[in-house]
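Peer 1: below are the sequence and a predicted model for it; my questions follow.
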Amino acid sequence: MKKIFKELTIPQFILLLLCIFEVVCVSFTFLRWDLTALVIVYGVLCVILTGIFIRTGAGHSFLLKKKKYEWVELLYMAVALALIIFQLYVVMFYQHNDADDAWYVGTSVTAWQTDRLFEYSPYTGNLLDWSDAREYILSPFPILMAVVARILHIHPTILCHEIVPVVVISVAYGVYGMLGTELFGAADKMDGNVENSHSSYRVWLFLIFISLLNLFGFYSTRTTGTFLLLRSWQGKAVYCAVMLPLMFYYMLKVFKEPSGKWLIGVYLTSFASCMICFSAVTLTPMLVGTMCLIYAIVKKDLKVPFQLAGSVIINVVLLAMYVLI
Amino acid sequence: MDYIKTLFVLYNDKGILILLYLIGAGLIVWLEKKKENKMVFAYSACFLPLVILNPLVGYVMEKADVMAYRMVRIYWILPVVWVIAYGFVLLVDRLGKKKQILGAAVTIGLAMVIIIAGQPLMTKDNYRKADNIYKLPNEVIEVVDKINADYNAGLSESRMSVMPEELATYARLYDGTFPLLYGRMADTDAAGRIYSFMGYDTLNMQEIADGALHEGCGYLVLDSEKACENAPDEAKVTEFARVGKYCLYRLN
């Protein structure tokens, strides 16, 4: 156990906790156990696993060393941070009402107040027919919100509208930063990499362009920017704006160094995505399939594509469960 | 083919975003030397002709009756935003190596392209100052509070309510125990009938009240700006409160 944990990076550990939530929550829903039991069991599991993770000394590479910045870097950094802070300011102090909240936030509030998991319809409060909610039962992100709300003692609507957007947008830009450092070869301490001496201005510039693309990304209501900035508390927004770039990050890592350390990142991201949004059950295999095809053609190797293909086993299991419910 | 066109328009309207994406992918192919980076970010664009724009896939999805507004999520698999940003950074880096001032000018130019070609997201249509800590419309909170107070005072046998869709969608986000005949959508035929009556420009209060009462409701909320065919007396309802433009009735 300790050996496995020592291999995990901090983002991978967080993904592991999300995967465990999927297993525990889906089991509790089918067993018709209540939210209180879920909070206790999942809370205890999180505490134990976090304790083990910290004791193994994993994640220490997260600590950043002091670095001297050139003025160009500082300038780009200031612009990038200003753009990100502006986005955080708007989601903190302004409101956007989204009708889809009736289901997503409604499910959290209903579970939080009735203590039951998927027993009542978030639309009306009537008994819920599971055949109408199969995908949500198998991707219980709203219940995670109810669990967090219970632990923090706040109303789930306040949690979803006030706190989660700030967390999700911050995490999203953290992931984009990881992706940028991997692409441009700057110092990357976030995910346990070895530092190299490259200037990081390109990473900040990368974040500036992404921020602008998000801020001016209202081409339709379906773009990543729209989901991230207008309804970041819904699972589908987390999937398209956080989990998919994370998947690309781990794919890039695997393509560069096909070791277990990065393969586990792909596996955990794929699994955790299923907990967050049911669309991931079908979309992630398409992405993995495309990547496997590219790898097999360019590198003329089938071993890594086979290893990557294993990451979507859980998707197949969930799809089977979806058909059977 | 129509299905594919629908998906394309649903995702990026006139196609500017996909055009920028293809430019970004092209810049990566041209300027990036690391093979793996190209494989993951540029070559993954092959998903576009292979699956997303493939008429065969569109035909199968249409036959399988997969709703376009859901299927459009297939575009998420393309790393659109990251590829554009990545390609632009490579271009700035290449030109900036020759002259730093040129790099800065190109940065500003590309930022302008994103701003001018794009559509602003943080507008008055999408955001407004938060009404309250729940970030729900104030009317929703007031209506739910007034009905709860009336019900708790023992003035009605049922708390189940019928209200306009713009309130019903959010009422249970404030109080998760609040019973509604329908929410954002109706899940029974009877509820669906009243839901459609409530959507008319002229309301038949009697028909709505009778239907709601038959379904076990205790309260009815109507938009006072809409014309009504009958008076409250005729419909046997009692007005007990007003919240903005909404009249709150107790069903007798």
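Peer 2: Received the coordinates, thanks.

Peer 1: count the neighbours of residue 242 for me.
Peer 2: Using chain A. Around residue A:242 there are 25 other residues, counting by other C-beta atoms under 10 Å in any protein chain shown. C-betas here are computed from N, CA, C, even on glycine.

Peer 1: that's the wrong chain, I wanted chain B
Peer 2: Close neighbours of residue B:242, defined as other C-beta under 10 Å, add up to 13.

Peer 1: ok now the helix or strand encompassing it, how far from the chain's centre?
Peer 2: Counting by DSSP states H and E, the element that carries residue B:242 is strand B:237-243. With C-alpha atoms, centre = their mean, to the nearest Å as the basis, strand B:237-243 stands 31 Å off its chain's centre.

Peer 1: with stretch A:243-254 instead?
Peer 2: Here stretch A:243-254 is found 12 Å from its chain centre; the criterion is C-alpha atoms, centre = their mean.

Peer 1: same question, stretch A:173-181
Peer 2: 13 Å.

Peer 1: related to what we said a few turns ago, the strand holding residue B:242 packs against which elements?
Peer 2: helix B:138-152, strand B:246-251 (3 or more C-beta pairs under 8 Å, 6 or more residues apart in numbering or on different chains; DSSP states H and E).

Peer 1: and the nearest residue to residue A:305 once chain neighbours are set aside, how many neighbours?
Peer 2: Spatial nearest neighbour of residue A:305, excluding adjacent residues (C-beta to C-beta, 6 or more residues apart in numbering or on different chains): residue A:292 at 3.6 Å. If you count neighbours by other C-beta under 10 Å, residue A:292 ends up with 21.

Peer 1: residue A:292 and residue A:308 touch, don't they?
Peer 2: Yes - Residue A:292 is within contact range of residue A:308, at 5.3 Å (criterion: C-beta atoms under 8 Å).

Peer 1: check contacts around residue 115.
Peer 2: Picking chain A for this. Neighbouring residues of residue A:115 by C-beta atoms under 8 Å, 6 or more residues apart in numbering or on different chains: A:34-36.

Peer 1: actually it's chain B I care about, not the one you picked
Peer 2: Applying C-beta under 8 Å, 6+ apart, we find residue B:115 in contact with A:212, A:216.

Peer 1: try 6 Å
Peer 2: Residues near residue B:115 by C-beta atoms under 6 Å, 6 or more residues apart in numbering or on different chains: residue A:216.

Peer 1: tell me the pLDDT of it.
Peer 2: According to the prediction, residue B:115 has pLDDT 96.

Peer 1: one step back: and the contacts of residue A:115, which of them are in helices?
Peer 2: Using DSSP state H, A:35-36 are the members of those that sit in helices.

Peer 1: what about residue A:266, how many neighbours?
Peer 2: Residues contacting residue A:266 under the criterion other C-beta under 10 Å number 24.

Peer 1: what's the residue nearest to residue A:305 sitting at in phi/psi?
Peer 2: Main-chain torsions, residue A:292, degrees, to the nearest 10: phi -60, psi -40.

Peer 1: and what of the one 4 residues further on?
Peer 2: Geometry field for residue A:296 lists phi and psi as phi -60, psi -40, criterion degrees, to the nearest 10.

Peer 1: relative to chain B, how far out is it?
Peer 2: Distance of residue A:296 to chain B, computed by C-beta to the nearest C-beta, to the nearest Å: 11 Å.

Peer 1: pretty sure that residue is touching residue A:305, no?
Peer 2: Yes - counting by C-beta atoms under 6 Å, residue A:305 is a contact partner of residue A:296 at 5.0 Å.

Peer 1: what about the two, which has more around it?
Peer 2: Using other C-beta under 10 Å, the more surrounded residue of residue A:296 and residue A:305 is residue A:305, with 18 against 15.

Peer 1: quick one: the more buried one is in a helix?
Peer 2: Yes - using DSSP: H, G, I helix; E, B strand; the rest coil, the assignment for residue A:305 is a helix.

Peer 1: buried ones in whichever strand or helix holds residue A:308?
Peer 2: Secondary structure from DSSP H and E places residue A:308 in helix A:303-309. Neighbour-count burial for helix A:303-309 flags A:304-305, A:307-308 (criterion: 16 or more other C-beta atoms under 10 Å in any protein chain shown).

Peer 1: how about those in CSV, adding pLDDT?
Peer 2: As requested, the buried residues of helix A:303-309 are exported to CSV (pLDDT from 0 to 100):
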residue, pLDDT
A:304, 95
A:305, 96
A:307, 95
A:308, 96
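
Peer 1: okay if I get the residues you listed as a markdown table plus distance to residue A:214?
Peer 2: Output for the buried residues of helix A:303-309, formatted as a markdown table (distance: C-beta to C-beta, whole Å):
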| residue | distance to residue A:214 |
| --- | --- |
| A:304 | 32 |
| A:305 | 32 |
| A:307 | 33 |
| A:308 | 29 |
